[in-house]
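>>> when you get a sec, could you give me coordinates for this:
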Amino acid sequence: MGEKYTIARLSKGNEHFEVLIKPEKALAFRMGKTTAITEVLVTETIFSDANKGTKVSEETLSKTFGTTDPQKVAETILKKGTLQLTTEQRRRMIESKRKQIIAFISRQCVDPRTKLPHPPLRVEQAMEQIHYSIDTFKPVEEQAKDIIKLLRSILPLRMEQVSVAVRIPPEYSAKAYGTIKGFGTIKREEWRGDGSWYGVLEMPAGLYGPFLERIGDVTKGRAEAKMLS
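A predicted model of the protein is given here:
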């Protein structure tokens, strides 16, 4: 199969359905970056075997999908089926997903001995030892949790949430509020009479250090934050 087009496949019961697709457009469609199915399809023909040119009958399409409209059938195949990725697409997606997983583990986990997060480079080096096959379409969090289990034989890891009490001076409270929400879940908050803000934020333990740094930047070092026991 050349790089100019690839195949998207879907099996339902004993029936098999394939469409010829433009790989980059199809990937963008699958990821919700484009909604124009006409830009994705090389042809609107629905095949049972694209390599042999075997077409699916309208009767089978109607019975399986409730429609004979090839665009609607193709949309279902693209959204629910398997995309045949090009070599470059697969390499690019695996690398992107790998970085997301490393970042997730570094944010969400701490070394239980020190209560500090492992740096991304340390997580990356440990991942190289377990030889985990990254799935390009499987959610980051789902894969990260599987990887954490495997990494525990190499790195001491624990997923941990911490509660942080925060007070923001009135002149920075409105500006800092969005930053605070971006780091975790606000469990309790209070806008005080002088315009200052006080709240308790629950966040991954690995984000505590970056949070202190960021909130310090936003408030020019005037925010007060401490981890609650």
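>>> can you give me the strands in this structure?
6-12, 15-21, 47-49, 54-55, 82-83, 109-110, 158-159, 161-168, 185-191, 197-204, 224-227 (DSSP state E).
>>> can you put those strands in a markdown table and add distance to Gly66 and mean neighbour count?
Using the backbone N, CA and C atoms, a C-beta is placed for each residue, glycine as well. Output for these, formatted as a markdown table (distance: least, CB to CB, whole Å; neighbours: other CB atoms under 10 Å):
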| stretch | distance to Gly66 | mean neighbour count |
| --- | --- | --- |
| strand 6-12 | 12 | 19 |
| strand 15-21 | 14 | 22 |
| strand 47-49 | 18 | 16 |
| strand 54-55 | 19 | 12 |
| strand 82-83 | 22 | 18 |
| strand 109-110 | 46 | 23 |
| strand 158-159 | 43 | 14 |
| strand 161-168 | 45 | 18 |
| strand 185-191 | 42 | 12 |
| strand 197-204 | 44 | 19 |
| strand 224-227 | 55 | 14 |
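>>> CSV for those, including distance to Lys33 and mean pLDDT?
Supplementary listing: those in CSV, determined by distance: least, CB to CB, whole Å; pLDDT from 0 to 100:
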stretch, distance to Lys33, mean pLDDT
strand 6-12, 16, 95
strand 15-21, 15, 96
strand 47-49, 25, 96
strand 54-55, 30, 96
strand 82-83, 14, 91
strand 109-110, 31, 87
strand 158-159, 31, 85
strand 161-168, 33, 94
strand 185-191, 29, 95
strand 197-204, 28, 94
strand 224-227, 37, 93
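>>> now these as CSV including distance to Ile94?
Formatted as CSV, those follow (distance: least, CB to CB, whole Å):
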stretch, distance to Ile94
strand 6-12, 17
strand 15-21, 20
strand 47-49, 28
strand 54-55, 32
strand 82-83, 14
strand 109-110, 22
strand 158-159, 24
strand 161-168, 29
strand 185-191, 31
strand 197-204, 24
strand 224-227, 36
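>>> nearest to Lys63, out of the ones you listed?
Of all those, it is strand 15-21 that lies closest to Lys63, at 8.5 Å by CB to CB.
>>> so which elements touch the closest one?
strand 6-12, strand 47-49, helix 58-65, helix 70-80 (3 or more CB pairs under 8 Å, 6 or more residues apart in numbering; DSSP states H and E).
>>> what's the closest of these to Gln100?
Closest among the helices and strands packed on strand 15-21, using CB to CB: helix 70-80, at 21.7 Å.
>>> I'd like the average pLDDT over that closest one.
Here helix 70-80 scores 95 as its mean pLDDT.
>>> chain neighbours aside, what residue packs nearest to the most centrally placed residue in the chain?
Centroid-nearest residue in the chain, with CA atoms, centre = their mean: Val140, separated by 4.7 Å. Sequence neighbours aside, Gln100 is the residue nearest to Val140 in space, at 4.7 Å (criterion: CB to CB, 6 or more residues apart in numbering).
>>> can I assume that neighbour is in contact with Pro139?
No - judged on CB atoms under 8 Å, Gln100 makes no contact with Pro139 at a distance of 9.8 Å.
>>> which one's more surrounded, the two?
Gln100 (16 against 11; other CB atoms under 10 Å).
>>> so where's the protein shaky on pLDDT?
Low-confidence segments of the chain (pLDDT under 70): 1-3, 229.
>>> walk me through the domains of it.
What automatic domain parsing lists as the domains of the chain is 6-83, 87-158, 161-227.
>>> Arg222: what's it in contact with?
Each residue near Arg222 by CB atoms under 8 Å, 6 or more residues apart in numbering is listed here: Pro169, Tyr172.
>>> cheers, nothing more for now.
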